[in-house]
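Enquirer: Sequence below, structure please.
(2 chains)
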There are 2 protein chains.
Amino acid sequence: MLQRVISLTVRDVRFQTSLEQHGSDAMHTDPDYSAAYVVIDTDCGLKGFGLTFTVGKGTEIVVRAVDALAGLVVGKSLQEIVSDFRGFYRLLTSDGQMRWLGPEKGVIHLATAAVLNAVWDLWARAEVFITCADCFFRLPEDQMLKEGYPAYTTSCAWLGYPDQQLKQLCTDALEGGWTKFKVKVGADLEDDIRRCRLIRQMIGPNNTLMIDANQRWDVDEAISWVSRLSEFKPLWIEEPTSPDDILGHAAISKALAPLGIGVATGEQCANRVMFKQFLQASALQFVQIDSCRLGSVNENLAVLLMAHKFKVPVCPHAGGVGLCELVQHLILFDYICVSASLSDRMCEYVDHLHEHFVNPVVIQDAHYMPPKDPGYSCEMLESSVQRHQYPEGEAWKAAHEQMTKA
Amino acid sequence: MLQRVISLTVRDVRFQTSLEQHGSDAMHTDPDYSAAYVVIDTDCGLKGFGLTFTVGKGTEIVVRAVDALAGLVVGKSLQEIVSDFRGFYRLLTSDGQMRWLGPEKGVIHLATAAVLNAVWDLWARAEVFITCADCFFRLPEDQMLKEGYPAYTTSCAWLGYPDQQLKQLCTDALEGGWTKFKVKVGADLEDDIRRCRLIRQMIGPNNTLMIDANQRWDVDEAISWVSRLSEFKPLWIEEPTSPDDILGHAAISKALAPLGIGVATGEQCANRVMFKQFLQASALQFVQIDSCRLGSVNENLAVLLMAHKFKVPVCPHAGGVGLCELVQHLILFDYICVSASLSDRMCEYVDHLHEHFVNPVVIQDAHYMPPKDPGYSCEMLESSVQRHQYPEGEAWKAAHEQMTKA
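Expert: You can find the predicted model right below:
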């Protein structure tokens, strides 16, 4: 058996997170956390599972893009792929006709991520290793196995949550050992001041606070708004403006440095070429890689190495559907093989939707514990996929019926 | 009648240009020039026609993206749209769920362009004006009506053409009054030297030569390669490296300035935020707007105004399918309402596929003559659309049969 790919299927899986305002921020007011979910079948029975994250509408476009890439994968053997992984990456991203649709950005790159995530998962299962974290090293019996990788929580303070809910979630999180908290800001300054004050009072002066505007502002507006919030001592302002505005981020970084506030961005940074410039221009102080926006492990490794060269810490974006499951591998790799440091480093954590995964992340005392099952950890429960498949799954049929009644 | 949009349909139309290497360059070796072609119907019988350009495979992904946007247009009256066009633009580009797929880049932005191009066409027909060129002014009886807007030709020297064909096409073009010629480069240095020498010899020292690498190089490679071609006195090197690498283009611009060679780019510049930085960083000396990559007239006007502020000439990208038809309106607007200058300015022209349009561009003595029919000039002949619709049109059925036989 050659471990030859005999099929690549993709499904549109959506969760109605918007109903309870989970994930709501200044730009994405009603996200339905979703995924284009890929399964690769091989002639030896081994499977690979991958996904890319989306926030609802338009997932069908990404599904169609995965279909368009499938022809480049089906028929190849795993050996063929991994023996020239650079060539395979370029085959997907540099097709003479399809690269016009990017290149390497937006829908077509999200689709590339879904496909490559599944290929990495397949490879990891074939070799019985834990994807990437130990593709070069076996996981050492070290600090990571004992204590895990430090995490911060975004689950307490989505923009759409009322203050009472914020308080309750923050109390629970503090009891659960969390010490680092992110608050969504950017819609209304007075609201932001009230919410930041509330959270800072609850967590005290020694815990860490981060704020996240999800691209809501222009450059000048970002500087003045964040200056008004500086009394709450945020470690960083995340996505202050357009994710494409490298020079704008550089201006914001420069203006906020005297206040001790860094700039973090990356979850919508289109590709490694953009990250390169963010680093060259001193436009960010925290690199937020994303396991589904960039071209899987391949492109994320390039960004980890660049960040190391520029001495900028990596604090991955996670949450959504499956992002925590995927990105834990990348950040462990960063610690074990690249940075060897935890200084100013932590990985985002959001506690929704993990129940749909076969091997969900394990959090202990606000740390990601290293995954123990072979693969890239994003295989979903088949029952969840079927129930939430859009629009034909039972969950969506029920939602549709309820809407029709109302 | 409210001129209310009652339907928006989109079709996948492809032409087999790859058969004869039309459009071939160092990165796109076998393009099939294609379009996602949009027709808007209104309750008063008036129609709007728009498109976005693609190069073959993956056009079905853009079609699906247009379908996803259609729901934001159908049901609206033209009055509603144009009385708050900024709001309408943001409705399309900032949907809380769909913006994750860009924002404002790649597939979803190409789809936005197709939809908005059709809306502008509809508006122009409703008001019986020529889109944009005179949305503020009536076209003056001036130089443009008499002489037209200067054009250059890319049709002589696609990368896949043999030298003999180059020579013949160049001879014909010189006889036709052309004085500005673009040559594709970047695949092989010795070939480039031979081809540039050939063209320069044929056109003489006083005509203009431009070269275009279609993103083939790294930054350092671009500088050394173009330096080797400097003896042929090109006015610009187009797309020397990744279209996302603003700081890379700045480095190339700086290195080539002493040789008298400028940097031109834009056909794959994702959006106005990227153009802003190219201008801020002195990373280009010629702005190549694209009528289908950016968000239609709306976003292109922003770029024209920024270019004017930075005193950088605009030389639009055209060719493909319908790009010449569309962009002639934008460059006339630039001349009449913004720059009022022809210095270092010209518009690309490629002489393929115009026969499929109801009102094809008119070229006289290597100048674009102002369009005289109301609208945005990209209505296609229904017979052409049906014949080239992919995969069910007769042209593709015939191609498929031929391939099956062979």
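Enquirer: tell me the domain boundaries of chain A?
Expert: A:5-129, A:135-369 (automatic domain parsing).
Enquirer: what pLDDT, on average, does the longest one get?
Expert: Spelled out, it's domain A:135-369. What domain A:135-369 shows for mean pLDDT is 95.
Enquirer: and it, how far out from the chain's middle?
Expert: Chain-centre distance of domain A:135-369: 10 Å, with C-alpha atoms, centre = their mean, to the nearest Å.
Enquirer: Give the closest residue to the closest residue to chain B within the stretch 1-150 of chain A in space, chain neighbours not counted.
Expert: For the stretch 1-150 of chain A, the residue closest to chain B is A:G106, as judged by C-beta to the nearest C-beta, at 2.4 Å. In this view, the C-beta of every residue, glycine as well, is placed from N, C-alpha and C. Distances taken as C-beta to C-beta, 6 or more residues apart in numbering or on different chains place B:G106 nearest to A:G106, at 2.4 Å, with adjacent residues excluded.
Enquirer: A:Y149 now?
Expert: A:Y368 (4.5 Å).
Enquirer: Residues of the stretch 1-150 of chain A that sit close to chain B?
Expert: Contacts of the stretch 1-150 of chain A with chain B, taken as C-beta under 8 Å from any C-beta of the partner chain, map to A:27-32, A:54-58, A:60-62, A:64-65, A:68, A:94-110.
Enquirer: which ones among those residues are found in helices?
Expert: A:60-62, A:64-65, A:68, A:106-110 (DSSP state H).
Enquirer: how many neighbours does the residue of the stretch 1-150 of chain A closest to chain B have?
Expert: Using other C-beta atoms under 10 Å in any protein chain shown, the number of residues around A:G106 comes to 30.
Enquirer: How about A:L174?
Expert: A:L174 has 16 nearby residues by other C-beta under 10 Å.
Enquirer: quick one on the thing from earlier: looking at the domains of chain A, which is closest to B:D192?
Expert: B:D192 lies closest to domain A:5-129 among these, at 19.1 Å (C-beta to C-beta).
Enquirer: who's in contact with A:L381?
Expert: Contact analysis of A:L381 by C-beta atoms under 8 Å, 6 or more residues apart in numbering or on different chains lists A:356-358.
Enquirer: and with 6 Å instead?
Expert: By C-beta atoms under 6 Å, 6 or more residues apart in numbering or on different chains, the contact set of A:L381 is A:H356.
Enquirer: cool, and A:A113?
Expert: A:52, A:292, A:295-296.
Enquirer: Of the residues you listed, just the buried ones, ChimeraX syntax please.
Expert: To isolate the buried subset of the contacts of A:A113 in ChimeraX, counting by 16 or more other C-beta atoms under 10 Å in any protein chain shown, use the following:
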select /A:52,292,295,296
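Enquirer: now the contacts of A:A113 in TSV, with secondary structure?
Expert: Listed next are the contacts of A:A113 as TSV, based on DSSP: H, G, I helix; E, B strand; the rest coil:
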residue	secondary structure
A:T52	strand
A:C292	coil
A:G295	coil
A:S296	helix
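Enquirer: Please identify which of the contacts of A:A113 is nearest to B:A124.
Expert: Nearest to B:A124 among these, with distances taken as C-beta to C-beta, is A:T52, at 38.7 Å.
Enquirer: is it true that the closest one touches A:C292?
Expert: Yes: A:T52 is within contact range of A:C292, at 4.2 Å (criterion: C-beta atoms under 6 Å).
Enquirer: Tell me the residues on the stretch 251-400 of chain A that lie near chain B, please.
Expert: A:273-274, A:277, A:280 (C-beta under 6 Å from any C-beta of the partner chain).
Enquirer: In helices, which of these fall?
Expert: A:273-274, A:277, A:280.
Enquirer: How about A:R11: what's its closest non-neighbour residue?
Expert: A:Y37 (5.0 Å).
Enquirer: Just the CA trace of the host helix or strand of that neighbour, in PDB.
Expert: Using DSSP states H and E, A:Y37 falls within strand A:34-42. What follows is strand A:34-42, C-alpha atoms only, in PDB (Å, rounded to 0.1, in the frame of the first residue of the first chain):
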ATOM      1  CA  SER A  34     -18.000  27.400  11.300                       C
ATOM      2  CA  ALA A  35     -15.600  25.300   9.400                       C
ATOM      3  CA  ALA A  36     -14.900  23.900   6.000                       C
ATOM      4  CA  TYR A  37     -14.100  20.400   7.200                       C
ATOM      5  CA  VAL A  38     -11.900  18.100   5.100                       C
ATOM      6  CA  VAL A  39     -11.500  14.300   5.200                       C
ATOM      7  CA  ILE A  40      -8.800  12.600   3.200                       C
ATOM      8  CA  ASP A  41      -9.100   8.900   2.500                       C
ATOM      9  CA  THR A  42      -6.200   6.700   1.400                       C
END
